[in-house]
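In: next one to model:
(2 chains)
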Amino acid sequence: MEFWVVQSFNGLSYAALLFLLGGGLTLIFGVMRVINIAQGSFFMVGGYVGYSIISLTGNFYLGILIACLALSLIGMIIERFSLRRLAGVNLRNMLATMGIALFLQDSSLLIWGGDPLSISVPNYLSGSVQIGNLYFPALRIFMILEAVLIFIVLMLVERKTRVGAIVRASIDNPETAEGLGIHVPLVRMGVFGLGALITAFGGVTGCAFMSIYPGLDFEMLVFAFVVVILGGMGSIPGAFIGAIIVGLMDNFGKALLPELSYFTVFAPMALMLAIRPMGLFGKG
Amino acid sequence: MLINRLKLQIWVFLPLGAIPLLIVLLPQVLPSYIVILITQSLIYAIAAMSLDLLLGYLGLAALGHMAYFTIGAYVAGILAVRYHFHFGSTLFFSIAISAVAAAALGLLALRARDVYFLMITLSIALCEWGLATRWVSLTGGYNGVVGIPRPDLGLPWMMQDVLPFYYLILILFLICLVFIILLVRSPFGKTLVGIRDSESRMTVLGYNTWLHKYIAYIITASVAGIAGNLYAYYNGYISPDAATLVHCLKLVLMVGLGGPGTIVGPIMGAFIITFLENIVSIYTTRWLMVIAFVYFITAMYTPKGILGLLKGFQWQGKRERIQKWWKQVRLP
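Out: Numbering: from 1, shown residues only, chains lettered A, B, ... in the order given. Prediction:
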């Protein structure tokens, strides 16, 4: 029993990271139809920027804030100067974002070097919380709470606000939306920035949870793809459910069947593709 | 006018005629490092040509085409190292197993369209990578299959040497090239282009478009399997890395850079990328930056690759200018 609770908890905290990563990817795909190869790089660079700010100022939350702002700015610049000109061509979009991902990887190597770095968190987050006779690390609880909070905020904004209605209109019918006076390119730029922001958030907390190193970008990207394929591309609830499935499968796979640990992540994806190619919440 | 055109064509075709001579004779005088790079480029060119058949001629964004390259390579490696199979038989099994895998996975992949097709082919490559890293008893895990010997063909030349191996790869490359050219020129190839341009029209005309796509998928996978087989012999080892996203995109870049939907384009792309990667990394540690810019510029500014650029260049009245210049040169 204890084993199952602890492992599920660990799986869910990893799922929180995966949601921030996959949520950014799916948000960008939903609005722009772009498969962003640089999403993993946003995660990694977000972590690096957060690391620098936190080691300079010692303030964990300032680090998160500045990393998020910096990455959303980078995201908006990328959208404005490259992806906007490539609207609707999948493979060329992927090549362009691949170039950006390699550029970000090499720049980070130049700036932060190749050694693994780790963020130190405030004291109250480095401890653990005791429930019954089980101990739960506070940082992992913080990660789960932050992911759930972001999920709820995203859903509320999408469903209940004027901004959400504008974004939905731009997805469903960009031409009519333009006709109604919505500046669709601006919406896309904003959404790309938001996608980068969410992922950078995950990057900073992820960097506190595990160390960060060059190459992490493509490692995390693979998991982000699995999350998004499982949940359905373009669907935020899909990314949420997908992240939980992948997080749990990965953790239990590593704990129970270490020989097959990647397989336990990829098998659900293969199964999903065989049964329902568009994913759980995707539209055909 | 006609004579002028003929003369111009002579100037175009004379260098083209020299190319076969060059590829046979030049390696005799080139440094062996360059010959090794040419060998590697030829292997990648086979894979890139097969991907181009899907990407350029059929219009299917098969991102994970490296999956079949990897299958071919692993089959060659495992059979050659553990079971001491002969080169001919590993080549046969590489083709056969790639084709069987494509026949099974193609059923899955071709159910989806556009982005979903792209993601499915990518996830096939990812699954394979996961399997190759974890199925240690078969694949050797992260270390891969090591110590693959060069093929022993019973000829007087040692394949461990640079030049004989180059000629072996060259011959196989030319066979694949002729095969692809024949395929593209055949009614089957024309139908593929028709499906790319308008699938609904081809359906109305009575073609079984799904079957055409399915067969093309299997054929291209087997050609990629050949490339993988040769790569295993060339490299001497094969690791799961071959099926990663980075390598999948590299193959797409080769096709996109050279010119999708052409025969020469992917070959050119394979040569440019292979040489860039290896030569630039000699001179600077920031070679990844250079590759990043190649990706970005290919995506942003060359929608039809370098060949497309060249063609567009010719069409913008350059021929008239050359003819004018020719008249000026000739008159005095």
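In: which helix or strand contains A:Phe136?
Out: Using DSSP states H and E, A:Phe136 maps to strand A:134-137.
In: by contact count, what packs against that strand?
Out: In terms of contacts (3 or more Cβ pairs under 8 Å, 6 or more residues apart in numbering or on different chains; DSSP states H and E), strand A:134-137 is packed against helix A:2-32, strand A:128-131. (Glycine included, C-beta is placed from N, CA and C.)
In: for chain B, which of those is the nearest?
Out: Smallest distance to chain B across the helices and strands packed on strand A:134-137 (Cβ to the nearest Cβ): 8.0 Å, for helix A:2-32.
In: how far is that closest one from where the chain is centred?
Out: Remark: helix A:2-32 is offset 8 Å from the chain centroid, using Cα atoms, centre = their mean, to the nearest Å.
In: after that helix comes which helix or strand?
Out: Proceeding N to C from helix A:2-32, the next assigned helix or strand is helix A:39-57, under DSSP H and E.
In: mind exporting that next one as PDB, just the C-alpha atoms?
Out: Provided in PDB are the C-alpha atoms of helix A:39-57 (Å, rounded to 0.1, in the frame of the first residue of the first chain):
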ATOM      1  CA  GLN A  39       9.500  23.300 -26.900                       C
ATOM      2  CA  GLY A  40      12.100  21.200 -25.100                       C
ATOM      3  CA  SER A  41      14.600  24.000 -25.500                       C
ATOM      4  CA  PHE A  42      12.200  26.500 -23.800                       C
ATOM      5  CA  PHE A  43      12.100  24.100 -20.900                       C
ATOM      6  CA  MET A  44      15.900  23.900 -20.700                       C
ATOM      7  CA  VAL A  45      16.600  27.600 -21.300                       C
ATOM      8  CA  GLY A  46      13.900  28.500 -18.800                       C
ATOM      9  CA  GLY A  47      15.700  26.400 -16.300                       C
ATOM     10  CA  TYR A  48      19.000  28.000 -17.100                       C
ATOM     11  CA  VAL A  49      17.700  31.500 -16.900                       C
ATOM     12  CA  GLY A  50      15.900  30.700 -13.600                       C
ATOM     13  CA  TYR A  51      19.200  29.200 -12.300                       C
ATOM     14  CA  SER A  52      21.100  32.400 -13.100                       C
ATOM     15  CA  ILE A  53      18.500  34.700 -11.600                       C
ATOM     16  CA  ILE A  54      18.200  32.600  -8.400                       C
ATOM     17  CA  SER A  55      21.900  32.400  -7.900                       C
ATOM     18  CA  LEU A  56      22.200  36.100  -8.400                       C
ATOM     19  CA  THR A  57      19.300  37.300  -6.200                       C
END
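In: now the angle from it to helix A:2-32?
Out: Helix A:39-57 runs at 110 degrees relative to helix A:2-32, counting by axes from the mean of the first three to the mean of the last three Cα atoms, to 10 degrees.
In: now for helix A:39-57, which elements pack on it?
Out: For helix A:39-57, the packing partners by 3+ Cβ pairs under 8 Å, 6+ apart come out as helix A:2-32, helix A:60-81, helix A:90-112, helix A:184-209, helix A:216-231.
In: report the buried residues of the helix or strand following the last one.
Out: Next along the chain after helix A:216-231, taking DSSP H and E as the criterion, comes helix A:236-256. Using 16 or more other Cβ atoms under 10 Å in any protein chain shown as the burial criterion, the residues of helix A:236-256 that qualify are A:236-254.
In: what does stretch B:159-176 give?
Out: Of the residues in stretch B:159-176, B:Met159, B:Val162, B:Leu163, B:Pro164, B:Phe165, B:Tyr166, B:Leu168, B:Ile169, B:Leu170, B:Leu172, B:Phe173, B:Cys176 count as buried by neighbour count, 16+ other Cβ under 10 Å.
In: quick one: it to chain centroid distance?
Out: Its chain's C-alpha centre and that of stretch B:159-176 lie 16 Å apart, by Cα atoms, centre = their mean.
In: run through who's touching that stretch.
Out: Defining contact as Cβ atoms under 8 Å, 6 or more residues apart in numbering or on different chains, one finds that stretch B:159-176 is touched by B:23-24, B:27-28, B:32, B:35-36, B:38-39, B:42-43, B:45-46, B:49-50, B:150-153, B:155, B:157-158, B:223, B:226-227, B:230, B:233-234.
In: same thing but 7 Å
Out: Residues from elsewhere that reach stretch B:159-176 (Cβ atoms under 7 Å, 6 or more residues apart in numbering or on different chains): B:23, B:27, B:32, B:35-36, B:38-39, B:42-43, B:45-46, B:49, B:150-153, B:157-158, B:223, B:226, B:230.
In: CA atoms only: put that stretch into PDB for me.
Out: What follows is stretch B:159-176, C-alpha atoms only, in PDB (Å, rounded to 0.1, in the frame of the first residue of the first chain):
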ATOM      1  CA  MET B 159      36.900  -4.000 -48.000                       C
ATOM      2  CA  GLN B 160      38.700  -2.600 -44.900                       C
ATOM      3  CA  ASP B 161      40.500  -0.300 -47.300                       C
ATOM      4  CA  VAL B 162      38.900   3.000 -48.200                       C
ATOM      5  CA  LEU B 163      38.700   2.700 -52.000                       C
ATOM      6  CA  PRO B 164      37.300  -0.800 -52.500                       C
ATOM      7  CA  PHE B 165      34.600  -0.100 -50.000                       C
ATOM      8  CA  TYR B 166      33.800   3.200 -51.800                       C
ATOM      9  CA  TYR B 167      33.400   1.400 -55.100                       C
ATOM     10  CA  LEU B 168      31.100  -1.200 -53.500                       C
ATOM     11  CA  ILE B 169      28.900   1.600 -52.000                       C
ATOM     12  CA  LEU B 170      29.000   3.500 -55.300                       C
ATOM     13  CA  ILE B 171      27.800   0.400 -57.200                       C
ATOM     14  CA  LEU B 172      24.900  -0.100 -54.800                       C
ATOM     15  CA  PHE B 173      24.100   3.600 -54.800                       C
ATOM     16  CA  LEU B 174      23.900   3.500 -58.600                       C
ATOM     17  CA  ILE B 175      21.600   0.500 -58.500                       C
ATOM     18  CA  CYS B 176      19.300   2.300 -56.100                       C
END
